[in-house]
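*Asks:* Predicted structure and sequence below. I'll ask about it afterward.
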Amino acid sequence: MATFDNTEVRQTYRSTLVEELRASGSRLVGGLEIMLPQNFGFCWGVDRALAMVEEARRVYVGRPMWLIGSIIHNPRVNADLRSKGIGFLKGSFATEGALEKLSENDVVIVPAFSATVEDMNDLRARGVTIVDTTCPWVIKPHKRTLKYLKEGFTTVIHGTVGHEETAATCSLIESEGGHYVVVYSIEEAEVLASFLEGQCDEQAMRSGIRGGSFSPGLKVDVDLQRLGVINQTTMLASESRAIGDRLKLALQARDGEVAYEDNFRDFDTICRATQDNQDAAAAVADTQPDLYLVVGGYDSSNTKNLARVGRRLGVPAFHIEGPHCIGDKLQHRDHTSGEILEEGAWLPSKRPLRVAFTAGASTPDAVLGEVIEGLVEFAGETLVI
């Protein structure tokens with residue numbers, strides 16, 4: 001399954017409205033101007049993962065089929081897979097006891113985010129057939145991390161503690177006897193940098209970075225001497241660059257302008273599709289629309305960061321999950337706390353009204369299209385497709 005055909009996937013989740021808007025970039029609907037960026041929605045890695053699942057269903061017909069966890073971070077897509085008889089071994093939809101009962105007759109799908117070393121070893125020991133849909137872009141930071149380990153560097157990961165991709169990276173590092181620190185934001189990177197510069201002690205440093213960010217047994221006086229930076233592939237690219245630059249300055253201050261070069265490495269592992277979507281979202285946000293709706297699963301890292309792109313440019317941007325979020329109160333994910341909130345009086349009454357949309361890399365066109373249609377209807381306009 002080295003090659004894949006995404007035709008079936010694209011047809012399943014296509015939207016005529018989104019296809020029209022993708023070609024034109026914008027459309028007037030009564031008093032609304034609907035805008036879309038040049039790049040958004042399903043990326044190559046998602047297409048590939050879903051196409052591999054469909055191929056596996058044909059190849060292994062009749063055999064029990066399981067996902068370790070969500071194939072991608074989109075509730076619609078995961079619900080579709082459950083409706084096709086694919087079970088889940090972990091997460092809120094897991095079948096109780098299924099993991100322990102796996103046998104050679106079972107087929108287990110590794111999600112696009114990859115999986116931990118422990119999970120992969122367990123599956124191999126049970127003799128199951130493994131279908132690995134790990135995105136090649138996710139493998140990139142894994143390879144870089146192994147290089148850091150070989151050269152004696154501790155890995156600093158710009159990522160989210162608990163996210164499947166970062167969990168897999170941390171697991172890989174631990175399995176090889178290495179160490180890591182996960183920083184979620186430039187603020188957390190600043191705490192680490194302050195420690196490296198001698199501006200705070202270990203206790204202050206550890207308390208200023210969220211729990212679970214340090215590898216077990218990490219000794220700060222030894223393991224933070226040589227640092228190599230990578231990124232979870234779906235983080236905000238501009239922030240990843242800023243984090244790398246800040247840690248570079250910290251090591252320059254600690255070790256000197258010449259000596260720091262032996263103790264610091266930085267390598268951009270942001271996914272190209274993530275970068276393209278963020279750049280395109282920023283280009284639309286830079287035109288200052290009146291409202292920016294970013295559509296994607298609430299646990300989708302790249303979608304969260306698309307919403308941050310809009311807000312950083314001063315645009316009222318809301319991360320919503322789907323058409324059910326639109327109503328008298330807008331359901332959305334708060335960009336700071338992560339809580340799911342409801343926003344009243346969210347739709348500006350002015351006309352003409354410029355509304356921009358974008359979608360995360362795991363968001364089907366069909367869901368985005370339904371959101372656009374829902375917004376138009378709520379605004380009292382009529383859309384002809």
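*Replies:* Cool, the structure landed.
*Asks:* Just list the residues touching the spatially closest residue to C43 that is not a sequence neighbour, thanks.
*Replies:* Nearest residue to C43 in three dimensions, chain neighbours excluded: A273, at 3.6 Å (CB to CB, 6 or more residues apart in numbering). (Glycine included, C-beta is placed from N, CA and C.) Listed by CB atoms under 8 Å, 6 or more residues apart in numbering, the contact set of A273 reads 39, 43-45, 137, 361.
*Asks:* Where does A273 fall, secondary structure wise?
*Replies:* helix 272-285 (DSSP states H and E).
*Asks:* Distance from that helix to the middle of the chain?
*Replies:* Relative to the centre of its chain, helix 272-285 is centred 14 Å away, using CA atoms, centre = their mean, to the nearest Å.
*Asks:* related to what we said a few turns ago, could you redo the contacts of A273 as TSV and give each row distance to A98, neighbour count and secondary structure?
*Replies:* Shown next, in TSV, are the contacts of A273 (distance: CB to CB, whole Å; neighbours: other CB atoms under 10 Å; DSSP: H, G, I helix; E, B strand; the rest coil):
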residue	distance to A98	neighbour count	secondary structure
N39	38	19	coil
C43	29	25	coil
W44	31	16	helix
G45	26	24	helix
W137	29	20	helix
A361	28	31	coil
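*Asks:* what about the protein, any weak spots by pLDDT?
*Replies:* 1-4 (pLDDT under 70).
*Asks:* Longest strand in it, please.
*Replies:* When the chain is parsed with DSSP state E, its longest strand is strand 353-359.
*Asks:* next helix or strand past it?
*Replies:* With DSSP H and E, the next secondary element past strand 353-359 is helix 365-378.
*Asks:* between that next one and strand 353-359, how big is the angle?
*Replies:* For helix 365-378 and strand 353-359, the angle between their directions (axes from the mean of the first three to the mean of the last three CA atoms, to 10 degrees) works out to 160 degrees.
*Asks:* rewinding a little: only C-alpha atoms, please: export the helix holding A273 in PDB.
*Replies:* Written as PDB, here are the backbone C-alpha positions of helix 272-285 (Å, rounded to 0.1, in the frame of the first residue of the first chain):
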ATOM      1  CA  ARG A 272       4.300  21.800   4.700                       C
ATOM      2  CA  ALA A 273       0.500  21.700   4.500                       C
ATOM      3  CA  THR A 274       0.200  23.200   8.000                       C
ATOM      4  CA  GLN A 275       2.500  26.000   6.900                       C
ATOM      5  CA  ASP A 276       0.600  26.600   3.700                       C
ATOM      6  CA  ASN A 277      -2.800  26.600   5.500                       C
ATOM      7  CA  GLN A 278      -1.500  29.100   8.100                       C
ATOM      8  CA  ASP A 279       0.000  31.400   5.500                       C
ATOM      9  CA  ALA A 280      -3.200  31.300   3.500                       C
ATOM     10  CA  ALA A 281      -5.300  31.900   6.600                       C
ATOM     11  CA  ALA A 282      -3.100  34.900   7.500                       C
ATOM     12  CA  ALA A 283      -3.400  36.400   4.000                       C
ATOM     13  CA  VAL A 284      -7.200  36.400   4.300                       C
ATOM     14  CA  ALA A 285      -7.200  37.600   7.900                       C
END
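*Asks:* Phi first, then psi, for the most centrally placed residue in the chain.
*Replies:* Nearest to the geometric centre of the chain sits S301, at 3.1 Å (CA atoms, centre = their mean). Dihedral pair for S301: phi -60, psi -50, per degrees, to the nearest 10.
*Asks:* what's next to stretch 27-34, contact-wise?
*Replies:* Contacts for stretch 27-34 (CB under 8 Å, 6+ apart): 20-21, 26, 351-355, 357, 372, 375-376, 379-383.
*Asks:* Pull out the buried residues from that stretch.
*Replies:* By 16 or more other CB atoms under 10 Å, the buried positions in stretch 27-34 come out as 27, 29, 32-34.
*Asks:* Name the secondary structure element that contains L249.
*Replies:* Assigned by DSSP H and E, L249 belongs to helix 237-255.
*Asks:* meant to ask about V181
*Replies:* Using DSSP H and E, V181 sits within strand 180-183.
*Asks:* For that strand, C-alpha coordinates in CSV please.
*Replies:* Output of strand 180-183 as CSV, limited to C-alpha atoms (Å, rounded to 0.1, in the frame of the first residue of the first chain):
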residue,chain,number,x,y,z
TYR,A,180,13.1,15.7,26.3
VAL,A,181,11.3,18.9,27.4
VAL,A,182,8.0,19.8,25.8
VAL,A,183,7.1,23.5,25.6
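*Asks:* one step back: distance check, the residue nearest to C43 against T363.
*Replies:* 12 Å (CB to CB, to the nearest Å).
*Asks:* circling back to that earlier point, I'd like the buried residues of stretch 27-34 laid out as CSV, including secondary structure and distance to R82.
*Replies:* Output for the buried residues of stretch 27-34, formatted as CSV (DSSP: H, G, I helix; E, B strand; the rest coil; distance: CB to CB, whole Å):
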residue, secondary structure, distance to R82
R27, strand, 35
V29, strand, 35
L32, strand, 36
E33, strand, 38
I34, strand, 32
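*Asks:* With distance to T95 as added columns, please give those in TSV.
*Replies:* Shown next, in TSV, are these (distance: CB to CB, whole Å):
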residue	distance to T95
R27	44
V29	44
L32	45
E33	47
I34	41
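*Asks:* how is this protein carved up into domains?
*Replies:* 13-43+272-378, 44-135, 137-266 (automatic domain parsing).
*Asks:* Quick one: end-to-end length of the second one, please.
*Replies:* The one in question is domain 44-135. 9 Å (CA to CA, to the nearest Å).
*Asks:* before we move on, the earlier item: write the PyMOL selection for whichever of the contacts of stretch 27-34 are buried.
*Replies:* The PyMOL command for the buried members of the contacts of stretch 27-34 (criterion: 16+ other CB under 10 Å) is given here:
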select buried, resi 21+353+354+355+357+372+375+376+379+381+383
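*Asks:* Tell me which residues are up against the helix or strand containing T166.
*Replies:* Element membership for T166 (DSSP H and E) is helix 164-175. Helix 164-175 is touched from outside by 69-70, 111, 113-118, 138, 141-142, 145-146, 149, 155, 157, 159-160, 179-180, 182, 215-216, 230, 232-234, 301, with contacts defined as CB under 8 Å, 6+ apart.
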